[in-house]
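> here's a sequence, model it:
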Amino acid sequence: MKHRLRPETCLPRDHADAVLVGRLWIPAVGPTLVRIRNGQVHDLSTIAATSSELFELDDPAAAVRSAERLPPVGSVEGLLDNSMRDDRDMARPWFLAPCDLQPIKASGVTFVASLLERVIEEQARGDAASAAGLRDSITAIIGDNLQEIRPGSAEALRLKDVLIARGAWSQYLEVGIGPDAEIFTKASPMSAVGLGAEIGVHPKSAWNNPEPEIVLAISSRGRVVGAALGNDVNLRDFEGRSALLLGRAKDNNASCAVGPFIRLFDGSYTIDTVRQCDIALHIEGPDGFTLTAQSSMSKISRDPLALVEQTIGPNHQYPDGLMLFLGTMFAPTADRSGAGQGFTHLTGDIVTVETPGLGTLVNRVNYTDRIAPWTFGAVALMKNLAARGLL
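A predicted model of the protein is given here:
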């Protein structure tokens, strides 16, 4: 994986103008908030002890830009190299997920392509072999032009009545074109993995896939302050068997990757940039299998700020802020292991998610019970920061 993580490929294309913040694990110190600039990484602890604290400032980007004499930690190139090594040097720093105390929420069924695949999962009852035969019949009933329908509109309600009459209504259509978005908890604070880490699929899952997405960084006041890339690893068979297994399908050891860094919003990068960005996915398997795909945020069915409004507000608060996955249109259907079997991960898959404005997130797939367990949580962080005099 190391060849994928040269600074020129990992950082945003315009990184010289970007305000990038991340987190490092520094041995004998602990998790440390950092700024990435001009090929170097600098300690931001004098500005904020956590990314959650940083995002509560009136203008996080300006605070980071104006910070002077930040202690150097190392070169981006050297830290990337250690972050991606199979034999990571535990005596040297490596990158973590750039978020910390924020709960990680996700919005589902926000793209038509993935909406149709969720309906297929439901009808197939989680059986990948049944999906191919169902795809054409379901599309024939539902159609493939739902992109033109605004969720919650009168037109959407009329379509709902038609589909109910034809016996084709689905819980996924309800959140896809109904007034209320699907918002769920993807992962607990401190549990996300970062650049170069292994990502996990449950060993009992035989049908699963990556979900490359934009992730918004949001303050406790509901203000979007930045964005990152994410991989919302999904178990299609678990969720397909029952929607009540969504938590089991989504929240597992190392099943949430965020990174490589959070790009703070400023004059050169805004929510409008997010609305227009394209996201590329590349999978390279140990069996020689490759898959490359691309999606556009311009095809999202709900505006990103509308999703934020449905997540945080008078009815639901997040005092430490939150991270919000915006959903994906990726639900790979290419046969991998045999005709009609569709796509599923193999251990050892290398998953690359990238977009020019946010850089590149790379992770390797493994089973959740083979990946080092998550042990450093909020209590450990508080004790660590107290010992360092940062509280």
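> right, and the helix or strand after the helix or strand hosting Arg364?
Using DSSP states H and E, the secondary-structure element containing Arg364 is strand 359-367. Following strand 359-367 in sequence order, the next helix or strand is helix 378-387 (DSSP H and E).
> give me the residues contacting that following helix.
Applying C-beta atoms under 8 Å, 6 or more residues apart in numbering, the external contacts of helix 378-387 come out as Gly30, Pro31, Ala49, Thr50, Asp100, Leu101, Pro189, Met190, Leu391. Glycine gets a C-beta too; all of them are placed from N, C-alpha and C.
> list the contacts of the last one.
With contacts defined as C-beta under 8 Å, 6+ apart, Leu391 is in contact with Ala49, Met382, Leu385.
> tell me how far it lies from Glu53.
Per C-beta to C-beta, to the nearest Å, Leu391 is found 10 Å from Glu53.
> if we can go back for a sec, model confidence over the strand holding Arg364, on average?
The average of the pLDDT scores along strand 359-367 is 97.
> each with direction, which strands does it pair with?
Each strand that strand 359-367 pairs with, and the sense of that pairing, follows from DSSP bridges: strand 198-201 (parallel), strand 350-355 (antiparallel).
> hmm, who's touching it?
Counting by C-beta under 8 Å, 6+ apart, the neighbours of strand 359-367 from elsewhere in the structure are 1, 4-5, 9-12, 15, 84, 193, 195-203, 228-231, 254, 257-261, 345-354.
> and those residues, which are buried?
Of the members of the contacts of strand 359-367, the ones counted as buried by neighbours, 16 or more other C-beta atoms under 10 Å, are 4-5, 10-12, 15, 84, 193, 195-202, 228-231, 254, 257-261, 345, 349-354.
> residues near Asn253, how many?
Close neighbours of Asn253, defined as other C-beta atoms under 10 Å, add up to 21.
> can you give me the neighbour number for the closest residue to it other than its chain neighbours?
Nearest residue to Asn253, sequence neighbours excluded (C-beta to C-beta, 6 or more residues apart in numbering): Thr368, at 4.2 Å. Using other C-beta under 10 Å, the number of residues around Thr368 comes to 19.
> now do Gly342
Around Gly342 there are 25 other residues, counting by other C-beta under 10 Å.
> list the residues that contact His345.
Contacts of His345 by C-beta under 8 Å, 6+ apart are Val201, Asn208, Asn209, Pro210, Val365.
> out of those, who's nearest Pro179?
Pro179 lies nearest to Asn209 out of the contacts of His345, by C-beta to C-beta, at 28.0 Å.
> list the contacts of the nearest residue to the closest one once chain neighbours are set aside.
With C-beta to C-beta, 6+ apart as the criterion, Asn209 has its nearest non-adjacent residue at 5.3 Å, and that residue is Pro332. If a contact means C-beta under 8 Å, 6+ apart, then Pro332 has Asn209, Ile283, Leu291, Ala293, Gly342, Phe343 as its contacts.
> what's the closest of those residues to Asp89?
Relative to Asp89, the closest of these is Ile283; by C-beta to C-beta it sits at 27.4 Å.
> my read: the closest one touches Phe330, true?
No. Because the distance of 10.1 Å does not satisfy C-beta atoms under 8 Å, Ile283 is recorded as not touching Phe330.
> name the nearest residue to Arg37, ignoring sequence neighbours.
Looking at Arg37 with C-beta to C-beta, 6+ apart, the closest residue is Leu20, at 7.2 Å.
> the one you found: neighbouring residues, count only.
Number of residues near Leu20 (other C-beta under 10 Å) recorded here: 24.
> okay, and the beta partners of it?
Note on Leu20: beta-bridge partners by DSSP bridges are Ile36, Arg263.
> quick one: contacts for the nearest residue to Ala91 once chain neighbours are set aside?
Of all residues beyond its chain neighbours, the one nearest Ala91 is Pro27 (5.6 Å), with distances taken as C-beta to C-beta, 6+ apart. For Pro27, the contacting residues are Met90, Ala91, Arg92, Pro93, by C-beta under 8 Å, 6+ apart.
> can you put those residues in CSV and add pLDDT and secondary structure?
Listed next are the contacts of Pro27 as CSV, based on pLDDT from 0 to 100; DSSP: H, G, I helix; E, B strand; the rest coil:
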residue, pLDDT, secondary structure
Met90, 94, coil
Ala91, 96, coil
Arg92, 97, coil
Pro93, 97, coil
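> please pick the buried ones from these.
Arg92, Pro93.
> show me where the stretch 51-200 of the chain has its helices.
Assignment of helices within the stretch 51-200 of the chain using DSSP state H, counting those that start in this stretch yields the ranges 51-54, 60-66, 76-84, 112-124, 128-142, 154-165, 171-177.
> before we move on, back to that, so can I have TSV of the contacts of Leu391 showing distance to Gly108 and pLDDT?
Compiled in TSV, those are given as follows (distance: C-beta to C-beta, whole Å; pLDDT from 0 to 100):
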residue	distance to Gly108	pLDDT
Ala49	32	97
Met382	32	97
Leu385	34	98
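> let me know the closest of those to Ala165.
Met382 (55.6 Å).
> state the distance from the closest one to Ser220.
From Met382 over to Ser220 (counting by C-beta to C-beta), the distance is 18 Å.
> run through the residues that contact the residue nearest to Asn253.
Residues counted as contacts of Thr368 (C-beta under 8 Å, 6+ apart) are Gly200, Val201, His202, Pro203, Asn252, Asn253, Ala254, Ser255.
> now do Gly313
With contact set as C-beta under 8 Å, 6+ apart, Gly313 has these partners: Gly222.
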